[in-house]
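> Quick one, structure for this:
(one chain, ligands or ions: 2)
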Amino acid sequence: MKRIEVAELLSNEDKYIDQPVKLSGWVKAFRNNQFIALSDGTTMKTIQVVVNNESIDESLIKRIGFHACIQIMGTVKKSLGKGQSIEIVADNVLILGDNDLGTYPLQPKRQTLEFLREQAHFRMRTNTMSAVFRIRHAMAFAVHNYFNSNGYHYLHSPIITGSDAEGAGEMFRVTTLDAKQPPLTDDGKVDFSEDFFGKATNLTVSGQLQAEIGALALGKVYTFGPTFRAENSNTTRHLSEFWMIEPEMAFFDIHDNMDLAENFLQSIIKYVLENCKDELEVLDARIIETEKNMKKELRRPMGLIESLEFVTSHEFERITYTEALQIIMNSKPYKKKKFEYMVTWGDDLHSEHERYLVEKHFKKPVIVRDYPKSIKAFYMRENEGTEPDKKTVAAMDILFPGIGEVVGGSQREERLDKLVERMEEVGIEPAEMQWYLDLRKFGGCPHSGFGLGFERIVQYVTGMGNIRDVIPFPRAPKTAEF
Ligand code: 4AD
Ligand code: MG
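Residues are numbered from 1 along each chain as shown. Ligands and ions are numbered 1, 2, ... in the order given. This is a model prediction of the structure:
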């Protein structure tokens, strides 16, 4: 008999009533030595399997423990019990994999996320993690789906890069040179001309510069791949290896760019609302349970599903950096010196300021644009008509409640002279980036793009507090297990 999947069985129940079936899966629960909740991973849901010791050997029943792997054969019946409309009455059970509960790290009860992180080879078996990784999958699919149906081309930007313009100081070196005795140049520096690629290379911090090449040929492209940053940030928002989505579009100005980002974010969240109801309910219930004993001020202002619906049905707020600064400086907590940091025009906003804007003042996602030139990357387009000592660039960051920055992007500087001038100002050798300048010299055009931190948006959608719990195998300072 051919094995049937639980998802198929539950979505076509009528078809299978009174039919013989064969199923395999893991035991999620076993009540009264009679009722198994079986999961095969094809859906969040379990199917109830009824075993009785008239047809199944006592010694086999003893081996049906939590998370043991079994195969069953039986007949699909209408269920009279609560909580399910069908069940399988088993007449044969085969143990595919026993589970030694005496030494198994997981227990059939709530366990802390910190503990589960140390058990990454098992944590996906828990309801919470299973819901998170199903949603992560759905969101990755929604990303490709969105761009594909809107005329974008998926560009595979390289993981190993020879350009270090963007991430000075926070890149992971890629080398095959002997770490103990690397070849040296006459002035005593490591001689990377002897290295594998004949030059110094690193893991990429962004696919943007390559995406610009793509946009100026294919019009609209996007990248979606792993990105590496060697910052020593041990926070709930930073990973050393994370996935980034970077669309890049010819002929888009900063406003087109913001429109795209807003529409794109709303679409992928909508996709999850429409396709991951079971998963969201599990996560929503988890949050309610976690917040049960918390003070009201510390609880989320809305339920998880409610907050996602809110974001998809309300426009994001759009303000300039200068307006944002005014709101912060005029705020009660700022005047009462409740913030840790003071700010003046030209400073980067600290996360406490961003959170105030998004969570207290606007209570929804906010797009902040036109940042001071001095705090942003060299490739961002200088805005015309700004005062000489208050020059801004056409940059935009999108801030989300509870998360902070999810998107960073800009219109790119397409004017060759301005770009060269800026590179010299920040100390990038124009000759090293000839190809990037060529894009301006030969048939250049206004263009824009942004980067979405995939884990940050998955964090928002799943309501998980720590970014390490939304990537299967997190990499962070001193952490590269599994
Ligand atoms: O703001 P960032 O640094 O922008 C860029 O890299 C541009 N090249 C993007 C572009 O215009 N094409 O990073 C973009 C986003 C951030 O907004 C954040 O969501 C995420 O990437 N991000 C991180 N996510 C997890 N861990 C980290 N260490 C991250 N650093 C950035
Ligand atoms: Mg940024």
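
> pLDDT of the helix or strand hosting Pro226, averaged?
In this structure, Pro226 sits in strand 220-228 according to DSSP states H and E. The average pLDDT within strand 220-228 is 98.

> Use 188 as the first number from now on
Sounds good: first residue 188 from here, last item strand 407-415.

> Could you tell me the angle between whichever helix or strand comes after it and strand 407-415?
Downstream of strand 407-415, the next assigned helix or strand under DSSP H and E is strand 428-437. In terms of direction (axes from the mean of the first three to the mean of the last three C-alpha atoms, to 10 degrees), strand 428-437 departs from strand 407-415 by 160 degrees.

> Quick one: mean pLDDT for strand 428-437?
Rounded mean pLDDT across strand 428-437 is 98.

> packing partners for that strand?
Where contact means 3 or more C-beta pairs under 8 Å, 6 or more residues apart in numbering; DSSP states H and E, strand 428-437 is packed against helix 395-405, strand 407-415, helix 441-462, strand 634-640, helix 641-649. Quick note: C-beta positions are derived from backbone N, CA and C, even for glycine.

> Now do the SS call for the residue located most distally from the centre of the chain.
In the chain, the residue that sits farthest from the middle, by C-alpha atoms, centre = their mean, is Glu241; the gap is 49.7 Å. Three-state assignment for Glu241 (DSSP: H, G, I helix; E, B strand; the rest coil): coil.

> Could you pull up the residues touching it?
For Glu241, the contact set (C-beta atoms under 8 Å, 6 or more residues apart in numbering) is empty.

> how far away is it from ligand 1?
56 Å (C-beta to the nearest ligand atom, to the nearest Å).

> Please apply the same query to Phe660.
From Phe660 to ligand 1 the distance is 14 Å (C-beta to the nearest ligand atom).

> Same check on Met231?
For Met231 relative to ligand 1 (C-beta to the nearest ligand atom), the value is 26 Å.

> With Glu600 instead?
In terms of C-beta to the nearest ligand atom, Glu600 sits 13 Å off from ligand 1.

> Quick check: buried residues in the strand holding Pro413?
Across strand 407-415, burial judged by 16 or more other C-beta atoms under 10 Å covers Lys407, Val408, Tyr409, Thr410, Phe411, Gly412, Thr414, Phe415.

> quick one: the fourth one and Leu342 touch, right?
Yes - checked against C-beta atoms under 8 Å, the pair Thr410 and Leu342 is within contact range at 5.3 Å.

> Common neighbours of the two, please.
Contacts common to Thr410 and Leu342, judged by C-beta under 8 Å, 6+ apart, are Gly394, Gln397, Ala398.

> out of these, who's nearest Cys256?
Lowest distance from Cys256 to those (C-beta to C-beta) belongs to Gly394, with 40.0 Å.

> now the strands for the stretch 288-437 of the chain?
Counting by DSSP state E, counting those that start in this stretch, the stretch 288-437 of the chain has strands at residues 340-341, 347-348, 360-361, 388-390, 407-415, 428-437.

> Report the buried residues of the longest one.
What it means is strand 428-437. Per 16+ other C-beta under 10 Å, strand 428-437 contains these buried residues: Glu428, Phe429, Trp430, Met431, Ile432, Glu433, Pro434, Glu435, Met436, Ala437.

> dump the residue contacts of the last one.
Ala437 sits next to Ala402, Leu403, Gly406, Lys407, Cys632, Pro633, His634 when contact means C-beta under 8 Å, 6+ apart.

> let's go with 7 Å and repeat that
By C-beta atoms under 7 Å, 6 or more residues apart in numbering, Ala437 lies in contact with Ala402, Leu403, Gly406, Cys632, His634.

> before we move on, what about the third one?
Trp430 is in contact with Phe411, Gly412, Pro413, Thr414, Phe641, Glu642, counting by C-beta under 7 Å, 6+ apart.

> let's see 10 Å
323, 327, 330, 411-414, 639-642, 645, 658 (C-beta atoms under 10 Å, 6 or more residues apart in numbering).

> And for Ala277?
208, 210, 223, 225, 236-239, 242-243, 257, 259-262.

> Report the beta-bridge partners for it.
Per DSSP bridges, the residues bridged to Ala277 are Gly261.

> ok, it to Asp227 distance?
15 Å (C-beta to C-beta, to the nearest Å).

> do the same with Leu460
For Leu460 relative to Asp227 (C-beta to C-beta), the value is 25 Å.

> Was I right to think Thr422 contacts Gly652?
No - here Thr422 lies out of contact with Gly652, judged by C-beta atoms under 10 Å, at a distance of 11.4 Å.

> For Leu639, which non-adjacent residue is spatially closest?
Of all residues not flanking Leu639 in the chain, Ile432 sits nearest, at 4.5 Å (C-beta to C-beta, 6 or more residues apart in numbering).

> If any of the contacts of Ala277 are buried, put those into a PyMOL selection.
In PyMOL, a selection of the buried entries from the contacts of Ala277 looks like this (16+ other C-beta under 10 Å):
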select buried, resi 208+210+223+225+236+237+238+243+257+259+260+261
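
> JSON lines for the shared contacts of Thr410 and Leu342, including distance to Ile441?
Formatted as JSON lines, those follow (distance: C-beta to C-beta, whole Å):
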{"residue": "Gly394", "distance to Ile441": "20"}
{"residue": "Gln397", "distance to Ile441": "21"}
{"residue": "Ala398", "distance to Ile441": "17"}
